[in-house]
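Asker: generate coordinates for the sequence data below:
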Amino acid sequence: MLSSPGVMACSRTCSRILGLSLGTTALFAAGANTVLLFPNWDVSYLLRGLIGRQAMLGSGLWGGGLMMLTALLSSSLAFLGALICFITSGVALKDGPLCMFDASSFNQMQAWKYGYPFKDLHNRNYLYDRSLWNSVCLEPSKAVIWHVSFFSTLLCISLLQILLVVIHFINSFLGLFCSLCEK
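Answerer: Below you'll find the predicted structure:
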């Protein structure tokens, strides 16, 4: 029987665990996005405006962080925030980091410039070709490792948040349905 006290207790316990999990992942997402603003822990890149578009969007701060904390108020906002963070992180991983690179090797006029050198590589994927990681981006040092590490973290966290919100929605629906069935 769906309305048994055991099912209701399970629903309440599940809600508590989901709430704690969503809150924890929100803090981790906000932290990961904050770290992306300071490559190699150096504030000068932020001050000079040399931070990638996806990191500056702050989807981990407001999408995976703030909106996820509002999950207690609205599951749809939490789902939207996690989805935006997931999509932004995926695009960031596809495009690669904003860094200084030697543009002359890409048949362009200016020799050194800031940009997204991996964005238009049609014959190679920088994610699978680690020889590109330290040879293309000249500044900040280890830009690819930093970028891949934290955007991969945001991608995983946001996927976990999407799953938790879906479970939360199902649990809330079952809790409501079971409470309506009580005598």
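
Asker: next, work out how far apart the most centrally placed residue in the chain and Lys142 are.
Answerer: Nearest to the mean C-alpha position of the chain, counting by C-alpha atoms, centre = their mean, stands Leu154 at 2.7 Å. The gap separating Leu154 from Lys142 is 18 Å, by C-beta to C-beta, to the nearest Å. C-beta: built from backbone N, CA, C; applies to glycine.

Asker: now Leu80
Answerer: For Leu80, the distance to Lys142 - C-beta to C-beta - is 33 Å.

Asker: same check on Ser44?
Answerer: Distance from Ser44 to Lys142, by C-beta to C-beta: 15 Å.

Asker: with neighbour numbers in mind, choose between these two.
Answerer: Lys142 (15 against 11; other C-beta atoms under 10 Å).

Asker: residues contacting the residue nearest to the more buried one when sequence neighbours are not counted?
Answerer: In space, and not counting its chain neighbours, Lys142 is closest to Asn40: 6.4 Å by C-beta to C-beta, 6 or more residues apart in numbering. The contact partners of Asn40, taken as C-beta atoms under 8 Å, 6 or more residues apart in numbering, are 140-142, 146.

Asker: could you redo the last one with a cut-off of 10 Å?
Answerer: Residues in contact with Asn40 (C-beta atoms under 10 Å, 6 or more residues apart in numbering) are 139-143, 145-146.

Asker: out of these, grab the one that's most surrounded.
Answerer: Neighbour-wise, the contacts of Asn40 (other C-beta under 10 Å) top out at Ala143, 26 neighbours.

Asker: assess the claim that that residue and Gly96 are in contact.
Answerer: Yes. The pair Ala143 and Gly96 passes the contact test of C-beta atoms under 10 Å, sitting 8.8 Å apart.

Asker: picking that back up, which residue packs closest to the residue nearest to the centre of the chain, ignoring adjacent ones?
Answerer: Ser89 (4.2 Å).

Asker: now the helix or strand that contains the one you found, how far from the chain's geometric center?
Answerer: If you go by DSSP states H and E, Ser89 is part of helix 75-95. Put simply, helix 75-95 sits 6 Å off its chain's centre (C-alpha atoms, centre = their mean, to the nearest Å).
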